[in-house]
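Asks: My questions are about this predicted structure, shown below with the sequence.
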Amino acid sequence: MTAVELHSATPSQTRRIGERIGLMLGAGDVVLLSGELGAGKTVLAQGIAKGLGVTDPVKSSSFVIVNEYDGASLRLYHADLYRLEDPAQVAELALDELAAGGVLVVEWPEQAGGELPEEHLIVRLSYEGAKGRRIVVEGVGERYLGIVRRLRGRERAVH
């Protein structure tokens, strides 16, 4: 496993990290956002959207599972699986097919069982108390390992 560990003290820093990620994404890419309620998943998704050139506000809806946003050259599919109870419900959404021509960002991927693409970028967000958030980005698959390497820059790597 190769990952990069980032830290964010504010929501705007979290958005900037998301924007850096968004600038590296291409058609068919999948980003999974994992973390407890309030950890910053949607804030990071907003940054990814900005990196893709999305101008509409990005939010996690309570009742809409997948929102679509037009970016500069790609469409963003933002899925929030929090309310799903059965991985079969995720299979019915056919998210990988839906997002083949855009970028798929999934909050609460734990709800999906094995129904998401094997290769992806997974971002784990966690609280660090008064210090803000710890954001660990891991690539699964060669394409996503390349994104992690580019993100690493001067950040501390986790092996």
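Replies: Here it is on my side, so go on. Numbering: from 1, shown residues only.

Asks: Can you report how many residues lie near the closest residue to residue 132 other than its chain neighbours?
Replies: Ranked by C-beta to C-beta, 6 or more residues apart in numbering and with sequence neighbours excluded, the top spatial neighbour of residue 132 is residue 9, at 3.9 Å. Every C-beta, even on glycine, is put in place using the N, C-alpha and C of the backbone. In terms of burial, residue 9 registers 12 neighbours under the definition other C-beta atoms under 10 Å.

Asks: if I look at the residue of the chain positioned farthest from its centre, how far off is residue 40?
Replies: With distances taken as C-alpha atoms, centre = their mean, the residue sitting farthest from the centre of the chain turns out to be residue 130, at 23.6 Å. Residue 130 sits 15 Å away from residue 40 when distances are taken as C-beta to C-beta, to the nearest Å.

Asks: Likewise for residue 64?
Replies: Using C-beta to C-beta, residue 64 is found at 20 Å from residue 40.

Asks: Compare the two and say which one has the larger neighbour count.
Replies: When neighbours are counted by other C-beta under 10 Å, residue 40 comes out ahead of the other of residue 64 and residue 40, with 27 against 13.

Asks: which helices and strands does the biggest helix by length in the chain pack with?
Replies: Of all the elements of type helix in the chain, the one with the most residues (DSSP state H) is helix 11-23. Applying 3 or more C-beta pairs under 8 Å, 6 or more residues apart in numbering; DSSP states H and E, one finds that helix 11-23 makes contact with strand 3-8, helix 41-51, strand 120-127, strand 133-140, helix 142-152.
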